[in-house]
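*Asks:* build the 3D model from these lines:
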Amino acid sequence: MRPTRAALIVAATVLTPALLLATPAFATTPTAAPAPVTAPHATAASEKPVDEMPDDDLRVAVLRILGGKNVGKGVTREANKALDGTPDDLRAFLKTGYRLAQAEDDTVAISTILARKDTGRGVKKEIYRLLDNGTPEELRAFLETGYRLAQADDDRVAISRILTRPNISEALRKAVGKVLDEDTPEALRYFLEVGQYQVGGQ
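*Replies:* Numbers count the residues shown, from 1 in each chain. Modelled structure (predicted):
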């Protein structure tokens, strides 16, 4: 008897994780979906390649993706199609469909960043390049790490410009110098959003 989807979801939650789900570390990075499965070597709890996985293991692998955090619409749509199909459909999703559906979701997430009013030149330049000819892997890498670094470049420029303000206070000047010396993406972003307004005598 074919297991129900609900039963397989329960089973998936207790198996040793096989499909690690990656999300961006930068607090201001838009929520992104899991990294794509690399086929044909993606494995389930059995450590078998996709082409050798039993039907139930295929379903569990797809359900693990579907049950992950921040799964996008494209991945959700294609995963459900695969679950409603044949074992070959499940294999096709794990081997290629997931990668392409993830790229679709990542493109939407990146386009959302581009549409923000406060998106800087460095971030925009990188996004335009990706949207023109970026691979699915490059789209994913941008959301996981590239956006954070490109944003830090733009933040560094914005913070440096604070020093050109007329009548800048000594307290603010010192705060700018301190954050530029610290020079981490998180510290730069925090200073622009919060820290500069906490410095007295601006």
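*Asks:* show the average pLDDT along stretch 63-81.
*Replies:* The pLDDT scores in stretch 63-81 average 93.
*Asks:* wait, isn't residue 168 in contact with residue 162?
*Replies:* Yes - using Cβ atoms under 8 Å, residue 168 is in contact with residue 162, at 6.9 Å. For the C-beta atoms, the positions are set from N, CA and C on the backbone; glycine is no exception.
*Asks:* looking at those two, which is more packed in?
*Replies:* residue 162 (19 against 14; other Cβ atoms under 10 Å).
*Asks:* which residues touch the more buried one?
*Replies:* Residue 162 makes contact with 168, 172, 176, 196, according to Cβ atoms under 8 Å, 6 or more residues apart in numbering.
*Asks:* give me the element the last one is part of.
*Replies:* Residue 196 belongs to helix 196-198 when elements are defined using DSSP states H and E.
*Asks:* helix, strand or coil: sort out the residue lying farthest from the centre of the chain for me.
*Replies:* Distance from the C-alpha centroid of the chain, by Cα atoms, centre = their mean, peaks at residue 167 (40.9 Å). Three-state call for residue 167 (DSSP: H, G, I helix; E, B strand; the rest coil): coil.
*Asks:* burial count for the closest residue to residue 139 other than its chain neighbours?
*Replies:* Nearest non-adjacent residue to residue 139, counting by Cβ to Cβ, 6 or more residues apart in numbering: residue 106, 4.0 Å away. Using other Cβ under 10 Å, residue 106 has 29 other residues around it.
*Asks:* check whether residue 106 really touches residue 143, as I assumed.
*Replies:* Yes - because the distance of 5.8 Å satisfies Cβ under 8 Å, residue 106 is recorded as touching residue 143.
*Asks:* now for residue 156: which residues touch it?
*Replies:* By Cβ under 8 Å, 6+ apart, residue 156 lies in contact with 180, 183, 188.
*Asks:* can you show me the helices along the protein?
*Replies:* Per DSSP state H, the chain carries helices over the ranges 5-14, 55-66, 73-83, 87-92, 98-114, 121-133, 136-141, 147-162, 170-182, 185-190, 196-198.
*Asks:* what angle do the second one and helix 98-114 make?
*Replies:* Compare the direction of helix 55-66 with that of helix 98-114 by axes from the mean of the first three to the mean of the last three Cα atoms, to 10 degrees and you get 0 degrees.
*Asks:* if we can go back for a sec, buried ones among the contacts of residue 162?
*Replies:* 172, 176, 196 (16 or more other Cβ atoms under 10 Å).
*Asks:* tell me the most buried of the helices of the chain?
*Replies:* Mean neighbour count (mean count of other Cβ atoms under 10 Å) peaks for helix 55-66 among these, with a mean of 22.
*Asks:* which stretches of this protein have low pLDDT?
*Replies:* Applying pLDDT under 70 to the chain picks out residues 1-47, 200-202.
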